[in-house]
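Asker: Sequence and predicted model, in that order:
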Amino acid sequence: MSPARQSSPQSRRPEKKGTAVETISIKIPASPEYLQVVRLVAAGLASRLSFTIEDIEDLKIAVDELSAYITGPHGRSGTLAVGFKLHGDRIQITGTGEYTESYDVRTDLSDFSRMILETVADSAGLSSSDGTPGFTITKSKSS
Amino acid sequence: MNDRATLDRAEVRQLFSEYKGAAENDRPELRERLVTQYIGLVEFLARRFRNRGEPLEDLVQVGTIGLLKAIERFDLEREVEFSTYATPTIVGELKRHFRDKGWAVRVPRRLQELHLELTKVVGTLRQELGRSPTVAEIAKAAGTSEENVLEGLEIAQAYNFTSLDAPIDSEDAGSTSFADQLGSEDEQLANLEYRAALAPEMAKLPERERRILYLRFFKGMTQSEIADSLDISQMHVSRLLNRTLIRLREALEV
């Protein structure tokens, strides 16, 4: 996750002071065995913002919980697109299911899931624009 | 004849009926046809255990043992689809496979050592800093790359066992009992309007795991605080917590 600055003539990240927002996106098959990739990317990016490992653990739990929720236990045919925005001391993660078949879009979280998410993230929930399943998570550094 | 072609429900029952009534000599061939019919189910279930460091072919072999058991035990009198009946048996066989092997055999040595090293380093840093460390701080203290640290943290998730009986390392042996305090915790957990299936799964959790769940999500204690109160490492709390969440999620899927 550390950029090899010495090898590239110009950094891919705008070097503006303070207000730089980095955007990263990945696409994975919408299948349970690939959720690990999302966790690793989330952890890697949060570590760039110097999140503590406890905050990183919490972020992974939130990402896992919501990704699993919208892909379902058996996965979906299609991809899960996950976008990450780094705002200095805060990370925002949005997930969008791009499924090739239509599925029932779940719009409700169980009390248990909601309780977990409230504990581990500043805000986390399902979002669904015109039937496309998705989620958003925001988490700031604790210190 | 293509044995892999899907038989409809009536044909499957017919095949079972033949199998149950067959002479000893004929059974292997009929059993083979039944296995062929349901090997897709075994593959599907085995795939869910993929990220634990074992090749899929091995997992399918293990799952097939479960399938054979289910075939033997299946009672035609019951009005249930065989695939519904067989799934818990197949999954149970897969879970038992990992539980019996234990951490030491399933996880690559390098990652085991990395994880143990990180646990020590994190513990030391927590004391020095008075807070949870960052990945950069751990990497520096452990003399390794941040990538390795991130991988080490992911092990807690990737190599989780769904059975909570098997000790993972010496830290697991001898967990403290919290029987006195569990009463009110159970009540608060029970007050959640979760799906009916979750309640029995919660009740099945060992005391320590239930307590960690309670302290983390009801009391809002941090993993560090929980670690201190239970006198175990924070990485251990993390591992147990992730394992519990995975177990609850998997229990609700089947």
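Answerer: Right, received. Where do you want to start?

Asker: Just the pLDDT at residue 63, thanks.
Answerer: Let's take chain A. A:V63 is assigned 95 on the pLDDT scale.

Asker: try chain B instead
Answerer: For B:G63, the predicted pLDDT is 92.

Asker: Quick one: neighbours of it, just the number.
Answerer: Using other CB atoms under 10 Å in any protein chain shown, B:G63 has 28 other residues around it. All C-beta spots, glycine's among them, are computed from the backbone N, C-alpha and C.

Asker: Torsion angles phi and psi at it?
Answerer: Main-chain torsions, B:G63, degrees, to the nearest 10: phi -60, psi -30.

Asker: Please identify which helix or strand holds the nearest residue to it once chain neighbours are set aside.
Answerer: Closest residue to B:G63 in three dimensions, ignoring its sequence neighbours and counting by CB to CB, 6 or more residues apart in numbering or on different chains: B:V42, at 4.0 Å. Per DSSP states H and E, B:V42 falls inside helix B:27-47.

Asker: ok, and for that helix, which residues are buried?
Answerer: For helix B:27-47, burial by neighbour count (16 or more other CB atoms under 10 Å in any protein chain shown) applies to B:L30, B:R31, B:R33, B:L34, B:Q37, B:Y38, B:L41, B:V42, B:L45, B:A46, B:R47.

Asker: Need the distance between the two termini of stretch A:100-110.
Answerer: 26 Å (CA to CA, to the nearest Å).

Asker: In terms of pLDDT, where does the residue nearest the centre of chain A sit?
Answerer: Chain A has A:I93 as the residue nearest its centroid, 3.6 Å off, counting by CA atoms, centre = their mean. On pLDDT, A:I93 comes in at 98.

Asker: what's the answer for the one 4 residues further on, then?
Answerer: Reading off the per-residue confidence, A:G97 sits at a pLDDT of 92.

Asker: in chain A, which spans are strands?
Answerer: A:22-29, A:78-86, A:90-99, A:123-129, A:132-140 (DSSP state E).

Asker: picking up where we left off before, mind saving the C-alpha coords of the helix holding B:V42 as CSV?
Answerer: C-alpha atoms of helix B:27-47 as CSV (Å, rounded to 0.1, in the frame of the first residue of the first chain):
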residue,chain,number,x,y,z
ARG,B,27,-25.4,-51.0,-3.5
PRO,B,28,-22.1,-49.5,-4.5
GLU,B,29,-23.3,-48.8,-8.1
LEU,B,30,-26.5,-47.2,-6.9
ARG,B,31,-24.7,-45.3,-4.2
GLU,B,32,-22.3,-44.0,-6.9
ARG,B,33,-25.2,-42.7,-8.9
LEU,B,34,-26.6,-40.9,-5.9
VAL,B,35,-23.3,-39.3,-5.2
THR,B,36,-23.0,-38.2,-8.8
GLN,B,37,-26.4,-36.7,-8.5
TYR,B,38,-25.5,-34.6,-5.5
ILE,B,39,-21.8,-33.8,-5.9
GLY,B,40,-22.8,-30.4,-7.2
LEU,B,41,-24.2,-29.6,-3.7
VAL,B,42,-21.0,-30.8,-2.1
GLU,B,43,-19.0,-28.6,-4.3
PHE,B,44,-21.2,-25.6,-3.6
LEU,B,45,-20.9,-26.0,0.1
ALA,B,46,-17.2,-26.8,0.0
ARG,B,47,-16.6,-23.6,-1.8
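
Asker: Quick check: which helices or strands does that helix pack against?
Answerer: helix B:9-21, helix B:56-73, helix B:82-101 (3 or more CB pairs under 8 Å, 6 or more residues apart in numbering or on different chains; DSSP states H and E).

Asker: on that earlier part again, now do the residue nearest to the centre of chain A against B:Q127, distance only.
Answerer: Per CB to CB, to the nearest Å, A:I93 is found 32 Å from B:Q127.

Asker: Which residues of chain A lie near chain B?
Answerer: Counting by CB under 8 Å from any CB of the partner chain, chain A comes close to chain B at A:1-2, A:32-33, A:36, A:39-40, A:43-44, A:47, A:50-57, A:60-61, A:64-65, A:68, A:73-74, A:110-112, A:115-116, A:119, A:143.

Asker: Buried ones among these?
Answerer: By neighbour count, with 16+ other CB under 10 Å, the residues of chain A next to chain B hold A:32, A:36, A:39-40, A:43-44, A:47, A:51-57, A:60-61, A:64-65, A:68, A:110, A:112, A:115-116, A:119 as buried.

Asker: Please give me every residue in contact with the residue nearest to B:G63.
Answerer: B:V60, B:G63, B:T64, B:G66, B:L67, B:I90 (CB atoms under 8 Å, 6 or more residues apart in numbering or on different chains).

Asker: show me where pLDDT drops low in chain B?
Answerer: B:1-5, B:51-53, B:99-107, B:156-199, B:251-254 (pLDDT under 70).

Asker: so what are the domain limits for it?
Answerer: Following automatic domain parsing, one gets these domains for chain B: B:9-101, B:109-155, B:160-254.

Asker: Adding distance to A:D104 as columns, could you present these in TSV?
Answerer: As requested, the domains of chain B are arranged in TSV below (distance: least, CB to CB, whole Å):
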stretch	distance to A:D104
domain B:9-101	20
domain B:109-155	31
domain B:160-254	16
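
Asker: Having no further points to raise, I will conclude here.
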